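Student: give me a 3D structure for the following:
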Amino acid sequence: MSHKTLAELQLTLQDFLLDKTQDAGDLTLDTPAFSKQERLEIYHNAYRLRLIDTLRKDYPALDAYIGEEDFITLCQEFIAQYPSQHPSLRWFGEKLPVFLRAHAHWQKIMIVVELAEFEWAQVMAFDAADTSLATLDELRTLPPEEWMTLKLELHPSLQLVDCYSNAPTLWNSLTKDETAISIDLTQEAQTWLMWRENLQVVYRPIGTTEVWALNTFLTQKNFADVCEGLCEWIAAEQVPAQVAQYLHHWIRGGLVIKIN
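Tutor: Predicted structure coming up:
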């Protein structure tokens, strides 16, 4: 074996694991039981198995839906195109939905793409930072003259996921009952609101006006801005009450962390 520094040995092994080089024979020795190449292949395979296991934990419904053989093939293709770039495996599966949307085969199967997007949104929601929550008492005691300039800070776990398929229902069936259901596709997307409540990821479908209101508050617009925009869908005299109802629902659900 050549006399390399520890850093050089680590870099050579890393390049071998990432298929950047096949010249790694000086990293180990032949033994009676295994050749140099066989010993290196153990590391090479173990590395990929660890990455596949990570993807399986982040995307259990996707794994169940397309089957083990296709899932492993998909993972191997993904690993080759998106090698791990972060010290933590927490972020390794982030680009899998992007990969699927560009994949020659899987991009044509909307339920697979959206199932992956829905699962990654849950990962993001579950891992979001903890924070204190606003209360209904804060809203009730807000002076009337301050309502029109009211702004919200929303929980960091909040995710808005658009689906043209019934991916959320399929996810629930696969993870709870371990059974697939018939696939439905629609011409218009259904938006799902997802967040973490009491250490559990929850989600529900929401309508156009609630989506618009949430997105407007997320861009630091105020109550008056939201009311003005919702007049496109709702009679002007009914808008303030509708927005107030949304605020009550969001605060009760733990979606609001601060009222400004």
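
Student: setting the sequence-adjacent residues aside, check what's closest to Leu230.
Tutor: Computed as Cβ to Cβ, 6 or more residues apart in numbering, the closest residue to Leu230 that is not its neighbour in sequence is Val239, at 4.9 Å. C-beta coordinates here come from the backbone N, C-alpha and C atoms, glycine included.

Student: which element is the one you found on?
Tutor: helix 239-252 (DSSP states H and E).

Student: now that helix: buried residues?
Tutor: 239-240, 242-243, 246-247, 250-251 (16 or more other Cβ atoms under 10 Å).

Student: ditto for stretch 49-65
Tutor: Of the residues in stretch 49-65, 51-52, 54-56, 58-59, 61-65 count as buried by neighbour count, 16+ other Cβ under 10 Å.

Student: save the residues you listed as TSV, and put in secondary structure, pLDDT and distance to Ala128 too.
Tutor: TSV is the format used below for those (DSSP: H, G, I helix; E, B strand; the rest coil; pLDDT from 0 to 100; distance: Cβ to Cβ, whole Å):
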residue	secondary structure	pLDDT	distance to Ala128
Leu51	helix	91	24
Ile52	helix	93	26
Thr54	helix	95	19
Leu55	helix	97	21
Arg56	helix	96	22
Asp58	helix	97	15
Tyr59	coil	98	19
Ala61	helix	97	20
Leu62	helix	97	21
Asp63	helix	97	24
Ala64	helix	96	25
Tyr65	helix	96	26
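
Student: between those, which is nearest Thr149?
Tutor: Asp58 (41.0 Å; Cβ to Cβ).

Student: could you list every residue that touches the closest residue to the closest one other than its chain neighbours?
Tutor: Nearest residue to Asp58, sequence neighbours excluded (Cβ to Cβ, 6+ apart): Gly93, at 4.2 Å. With contact set as Cβ atoms under 8 Å, 6 or more residues apart in numbering, Gly93 has these partners: 54-55, 58-59, 120, 123.

Student: got it, and Val239?
Tutor: Taking Cβ under 8 Å, 6+ apart as the contact definition, Val239 lies against 227, 230-231.

Student: which two of the buried residues of stretch 49-65 have the greatest separation?
Tutor: Between any two of the buried residues of stretch 49-65, the greatest separation by Cβ to Cβ is 19.9 Å, found for Leu51 and Tyr65.

Student: pLDDT weak spots in the protein?
Tutor: For the chain, applying pLDDT under 70 flags the ranges 1-4, 6-46.

Student: which residues of it fall in strands?
Tutor: Here the chain has its strands, by DSSP state E, at 152-154, 159-165, 185-197, 200-206, 256-259.

Student: what strands line up against the last one, and which way round?
Tutor: Each strand paired with strand 256-259, and its direction, by DSSP bridges: strand 152-154 (antiparallel).

Student: how about the second one?
Tutor: Note on strand 159-165: by DSSP bridges, its sheet partners are strand 185-197 (antiparallel).
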